[in-house]
Each structure stands twice: as C-alpha cells, then as structure tokens.
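>>> fold the following for me, if possible:
(chains A, B, C and D)
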4 protein chains.
Amino acid sequence: MRATRLEAFSDGVIAIIITIMVLELKVPPEHSPTDLLDVAPTFFAYVLSFLNVAIYWVNHHHLIHLVRRVSASVMWANLNLLFWLSLVPFATAYLGANHASSWSVALYGISAGLCAVAYYILRHAIACQTHDDPKVSQLHRCMLRKNRIGTGIYAVAVGTACYSRWLALALILLPAAMYFIPDREVEKLMGE
Amino acid sequence: MRATRLEAFSDGVIAIIITIMVLELKVPPEHSPTDLLDVAPTFFAYVLSFLNVAIYWVNHHHLIHLVRRVSASVMWANLNLLFWLSLVPFATAYLGANHASSWSVALYGISAGLCAVAYYILRHAIACQTHDDPKVSQLHRCMLRKNRIGTGIYAVAVGTACYSRWLALALILLPAAMYFIPDREVEKLMGE
Amino acid sequence: MRATRLEAFSDGVIAIIITIMVLELKVPPEHSPTDLLDVAPTFFAYVLSFLNVAIYWVNHHHLIHLVRRVSASVMWANLNLLFWLSLVPFATAYLGANHASSWSVALYGISAGLCAVAYYILRHAIACQTHDDPKVSQLHRCMLRKNRIGTGIYAVAVGTACYSRWLALALILLPAAMYFIPDREVEKLMGE
Amino acid sequence: MRATRLEAFSDGVIAIIITIMVLELKVPPEHSPTDLLDVAPTFFAYVLSFLNVAIYWVNHHHLIHLVRRVSASVMWANLNLLFWLSLVPFATAYLGANHASSWSVALYGISAGLCAVAYYILRHAIACQTHDDPKVSQLHRCMLRKNRIGTGIYAVAVGTACYSRWLALALILLPAAMYFIPDREVEKLMGE
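Residues are numbered from 1 along each chain as shown, chains lettered A, B, ... in the order given. Purely as a prediction, here's the structure:
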C-alpha cells in the first residue's frame, strides 16, 4: 500500500515536470511564420527532455514494483531522484535559450548525469532489500551495470561538449536509446 | 492494475495541460473594462482548447478500459499522445496572441491533427491486442474510421486557413462536435 | 469505479487551480520590507480564492459520493464546472492587480457566480439520477436551494460593486461563509 | 476511504508546490557560464525549500495514517496547512531574489514558522480523535512537543535575522534536520 503512495506522489511530480517544460515554448512577439523558427531550438530541447523524463517514468514504474518495504532510505533516495529530475526543465530551457552552445550542452549533460546517479542510488537502496531472491538480485545487478554505462556516457558527453557540441548531444541521446525499450527481463520477471 | 497506473499518469498530465492553458490569460496592464476585450481572443482560444482536451480525456478514459495488457507499444503510443497534447497550450497561446490569423489557425489545425494521429496510433496499438473479441474489434474499427474522418477534416482545415480563417476554425470545431457525445456503442459495451 | 476516476481527475484539476494562483504573488523588484505591501492586494485576493476553491473541493467531494452512474450529462456538467473554476485564477489576478477596483470586484463576482451556476447544473444532473431515494432527493433539494441563494447573493454583489466595492466584497464572502461548514445533513447521510 | 481521498488531494497540492518552485530558476539573459552564478542564490533557496516541503510530505503521510475519521476540523486543518505550504514558493523566490538579505531570511522564517503552526493544529485535530489508544496518544504528545520546539527555533531565527542572517539561516535548517529522519516511533507503531 505504501509503495503505491510513493509511486502516486512520484507520478504526480513527474507529470508536472514533463508538462511545465512546455511553458518555455513562448509565443514569439512577431507574427510571421518564419518567426516560429526562433522557437525551434527550445522545441527540440523539449522533445529531448520529454523523451528522457518519459523513460525515467517508465523505468521508475518497473523499479517501484520491486520495492518490498518503503524504508527511510528508499523514500529519501526517491525524493533525491525527484529533486534532480525537477532541475531538468531548467537545463532544458538553458539548452534551448543558448541554441545548444557548448556550455549549455555540457550543463544538460551534467543534469542528465546527476539524474542517472540519483536513479542508481535509488535502485541500489531497493536492491539492498531483495538479496534473498536470486532472480531479482541478478536483475538489479544487470540494471545497475546498464546505469553505470549510461552515467559514463553522460560524463564523456560533458567532456566532449567543448570540442564538438553535436557529438556531445549525440552521446546524450545514447542512454535514452539504451533505455527506450522497456527491459524484457523486468517484463519476464513481472509476468512470472 | 497497470492500466490503472497508465490512466492515472495520463489523467495527471491532461489535468495539468488543461489547467496551465489558463496562465496565458494575462491581466491587461490597463485597468478599464474595455481593456479586458484584449484578452477575448486568448479567451476564445482557451475555450476551444479546453473543449478539445476535455474530449480527449473522456475518450481516452473509454479507450483505456479496453486495454488488456500495457505492452511497450501501448505505453509509448500513450506517451506519444501526451507529447502532442502537451503542445496544445502553445498552439492555443499562438492562436490567441495572433488574433486567429490565417497562419495561427493553420498551426492550430496542424497541432489538432497531430493529436488526432497520435490518438489513432494509440487506438490501433490497443486494437491489435483484442482481435479475439468480435464486438470490441468492431468498435475499434468504427472508432478508427471516425478518427480518420476527424484527421481528414483537420487536414482540410489547414489547407483552407489561407483562404478563409473563419471557415478553417469552423472545420476545426467539427471533429470536436463529432466526439462531444460519448460514444453510445462504448457505453453499451461497457454496460454489458 | 468510474465515479472515483471522475473525482480523481477533478481533484487533480482543482489542486492545480488552487496552487497556480500563488504564481501571481510576484516578488517585488525593490528589496525593502515596505515594498512587500504592494503584494498585499494580490495576497488577499489569493486568500479569498483559496477559500472559495477549497469550499468547492469539499462540497464536490460530498456531491460525487452521491453519483450513481457517470452518465454523459454528469461528466460534461463536471467538466463545465472545472472550466469555470479554471477561470478563478484570472479573476483573482485581476482583482489583485486592480487593487479591488469596482470593476474588478464585479468581474470577480461574475466569475464566482458562474462557478455557482455550474455547480448547480452539476448537482441537478446528479439529483436526476436519484429520485428513488427520498432522503437523498430531499438533501439535493435543500442544497439546490442553498446554491440558488448563493448565486443570488453573487448577482447582488455584482450590482452593488459600482456603488460600494467593499460592500460587494463582503457580499462575495457571504456564500463562502454559508458553505464553510460541511453540511451536517450530508455527513449524517454518509454515516448511515 | 475518505482519508485516502484527503491524502491524494494533499499529495497533489504538495507535488505541485514542490515543482512550481523550480519555475523561479530563470535562464539568465547572458550566455557565459559565469552568469549562471546569478542563479545560485535562487538555487540554494530552492534546495532548502524542496527539503522542507519534502519533510512535510513524509510526515504528513505518517500523520494521515492515524486519522480515524475525516471530520470537518481535520479537513479544514489540512486545507489550512496546504494554504501556508502554498506560500513557501513565494518566500523561496523572495529569499533567492534578495540574495538572503536579513529581511528575506526573516520572511522565510515567518513562512516556515506558520507552516509549523498549521501542522501543529492539524496534528492536534487528529490527536483529539484518538485519545483511547494510549500508544497513539503518547506518540502525538511526543510529536507535538517536537513541533513546538521547531516552531520556537523558527521564532528565534526570525528574531536573529536582523543581527546575523547566516545564523538565522542555520537555525532555519535545524528543524529540517530534526525531522529529516522519519520517526522510528511511528514506524514501530505502523509495523505492529
């Protein structure tokens, strides 16, 4: 019952985060169609962040189903994740407003990386509760590895941003692609 | 249980989308009653979008009840719909700020059309799960046809906008009128 | 189950309406404590609207418990109420920005009156479903009368606003006071 | 069932409060990395308020589990708490915009203190319902004492702000630290 509560609150916060980002899409003061092009960078930043936050929502959903007991560490690890996710709208607005300049790409990569670390901490806190079930433990180990790879890619992206911002953006998209497909192992486990 | 989760998250996002549109109704800087008239175009754009999003909410509600299993394709088709719905507030603000100029009506029609396409994809993904029940299959076929007609009307509206923006707006209202009455077939099916 | 869904969505919209009003409390550009006084009218307008919307939430909650079946008329009457409630933040901001000028008080009264009418329509739609239970029918009749009185007071307040805005504001507070105490009859009925 | 409804609505409002605060993190108009430092005070104010509101959420959650019956006094005490929590985003924005000036720290302390008083009133209203269970009564007494200490610390912080704003800020952090760890007594009680 209490994991349901945690999930409902997280869903609420994630729903708000994903929706308020659209407020950054400001109507341009000029009225000609070409002025809409000014909104394009903010729009693409929004698409990227919508995708990322949606992936967190999907995976968070799978993860919370493995919670045995909402301990203090799980609760605060979850709030920590929500905190870093709540900064994504700022990083998105900054990326859009600066037309994906090197520094804004680096900041976006840092923001994405910190979310990945927070997600790692949350999964770790949940994994500690379930060392008795070998199948679930294996799943957590596998997902934690995937998470470390994703975090590493974000770190490389941040370092790359000052050389090539487009390469850095491509790297930032990589973990999203990795997580896009909901994990078959989790689904198999859920189905059993 | 998991379809409930999907519905709750979608409800949250739709509730936020429908409500943040009202933030575009800015208090005019001047204090005389006639200055309120400046808000009128934004107000009518808001009424139109509130109606459209409310119709999506009602129909989404009926649709989700037919979900057998929240597969990856259903989940992402749903997130895709939420993405296009989340752009409605921008199209609404643009329509209001430009006092329903040809181009702003066309953009609104494009936005409405893309939502309709996203809804089609979602229904199609859900319809694929239920080919065994002939009554539900028939319902899906009937609704998909209605959806295609609606999308077609939006396409015509976008094309019409550069000739007559008022005709285009009237066309944009047409699918809303088509969907306004919740489908008796769905209700009958639900009641059985 | 479906009344629960309606209530959850309404709760979401009302929660957002009640919270986004606080965004109107803008930080004054000057830093001295006396400049905070500029925020005072907006603050009092916020207090008034928070109280009003909270009362709607409480009464909506009691009302939805009496829904037998979420028919199309109940669903749209509910969405109609949410529409007029969603305009309260605008009326509140207008009242605050104009320092409770006659016209802004009248507009606030109109907004409050339209919400009351929408609530009347919703209760009427629900009352039509329950003519079989004499106790519930009596409750609805009693509440509809209370609602008519409240709407009448708002109408008088709008008319009074051009003579005395403070008297009009006092009148606007009256229905809130009438509804403040959750109805004992409903509670008694619920308890049985 | 009805305590669940109260909790769901409160969760919704708290989720929105915690998330809209991030809208104050405005993208600086200049594009160099050093300009991001201008956002730093608002960022730290956001961290402080996120922590405080999160603590209220966690404790509110524990508290609502002790509700026997959602009486009118509990409902309005809860709405009163939500009202004062809804002012936290304003106090946070004011603290950040004024770079933690003496007056803005005092205002933040006042805001935090009023939330603590509102929480006290809510717990008191709930405690009145459960005088029959000695264990729960003891728990309420213990928590009400903790709450009085917290409120006292906020009062001292407000008084201290005009002498030393940093000491005042440290004092404001103290009750947060006191509440950070979810109460073992509650958890023990829940576990029994």
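>>> give me the number of residues near whichever residue of chain A sits closest to chain D?
Here the residue of chain A nearest chain D is A:G12; by CB to the nearest CB that distance is 3.6 Å. From N, CA and C alone the C-beta is placed, and that goes for glycine too. By other CB atoms under 10 Å in any protein chain shown, 27 other residues sit near A:G12.
>>> give me the element it is part of.
helix A:2-20 (DSSP states H and E).
>>> close to chain D, is whatever helix or strand comes next after that helix?
Helices and strands here follow DSSP H and E; after helix A:2-20, the next one along the chain is helix A:40-64. No. Applying CB under 8 Å from any CB of the partner chain, one finds helix A:40-64 separated from chain D by no less than 10.1 Å.
>>> list the buried residues in helix A:40-64.
For helix A:40-64, burial by neighbour count (16 or more other CB atoms under 10 Å in any protein chain shown) applies to A:41-46, A:48-64.
>>> for chain A, name the helix or strand with the lowest mean pLDDT.
helix A:184-191 (a mean of 62; mean pLDDT, DSSP states H and E).
>>> just the closest residue of chain A to chain B, please.
Counting by CB to the nearest CB, chain A gets nearest chain B through A:A15, at 3.6 Å.
>>> so for that residue, what's the pLDDT?
Per-residue confidence (pLDDT) for A:A15: 93.
>>> pLDDT weak spots in chain A?
For chain A, the stretches flagged by pLDDT under 70 are A:1, A:131, A:181-192.
>>> near chain B, which residues of it are found?
A:7-8, A:11-12, A:14-16, A:18-20, A:22-23, A:25, A:27, A:31-33, A:36, A:47, A:50, A:54, A:57-58, A:61, A:181-182, A:187.
>>> spell out which parts of chain A neighbour chain D.
So chain A meets chain D at A:5, A:8-9, A:12-13, A:16-17, A:20, A:23, A:72, A:75, A:79, A:82-83, A:86-87, A:89-90, A:93-94, A:97-98, A:101, A:103-104, A:107 (CB under 8 Å from any CB).
>>> I'd say A:V156 and A:I172 touch.
No. Counting by CB atoms under 8 Å, A:V156 does not reach A:I172; the two are 9.9 Å apart.
>>> the two: who's more crowded?
A count of neighbours by other CB under 10 Å puts A:I172 above the other of A:V156 and A:I172, at 25 against 17.
>>> quick check: closest non-adjacent residue to that one.
A:A157 (5.0 Å; CB to CB, 6 or more residues apart in numbering or on different chains).
>>> just the element for the one you found, please.
Counting by DSSP H and E, A:A157 is found in helix A:134-160.
>>> who does the helix or strand following that helix touch, helix- and strand-wise?
Going down the chain from helix A:134-160, the next helix or strand is helix A:165-180, by DSSP H and E. Applying 3 or more CB pairs under 8 Å, 6 or more residues apart in numbering or on different chains; DSSP states H and E, we find helix A:165-180 packed against helix A:40-64, helix A:102-127, helix A:134-160.
>>> so what secondary structure elements neighbour the helix holding A:G12?
Using 3+ CB pairs under 8 Å, 6+ apart, helix A:2-20 sits against helix A:40-64, helix A:72-86, helix A:88-97, helix B:2-20, helix B:72-86, helix D:2-20.
>>> just name the most buried of those helices.
helix A:88-97 (a mean of 24; mean count of other CB atoms under 10 Å in any protein chain shown).
>>> do that one and chain C meet at all?
No. Counting by CB under 8 Å from any CB, chain C is not contacted by helix A:88-97; separation bottoms out at 14.6 Å.
>>> quick one on the thing from earlier: the residue of chain A closest to chain B touches B:V13, doesn't it?
Yes. Using CB under 8 Å, A:A15 is in contact with B:V13, at 4.8 Å.
>>> hang on, the earlier thing: quick one: contacts for the residue lying closest to the residue of chain A closest to chain B once chain neighbours are set aside?
By the measure of CB to CB, 6+ apart, the closest residue to A:A15 outside its immediate chain neighbours is B:G12, 3.6 Å from it. Residues near B:G12 by CB atoms under 8 Å, 6 or more residues apart in numbering or on different chains: A:11-12, A:15-16, C:12.
>>> got these as a markdown table, with distance to D:I126 columns?
Listed next are those as a markdown table, based on distance: CB to CB, whole Å:
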| residue | distance to D:I126 |
| --- | --- |
| A:D11 | 26 |
| A:G12 | 23 |
| A:A15 | 29 |
| A:I16 | 28 |
| C:G12 | 25 |
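>>> wait, which of these is closest to B:Y119?
Using CB to CB, A:A15 is the member of the contacts of B:G12 that lies nearest B:Y119, at 18.9 Å.
>>> now do the contacts for that closest one.
Counted by CB under 8 Å, 6+ apart, A:A15 has contacts B:9, B:12-13, B:16.
>>> this completes my enquiry, with thanks.
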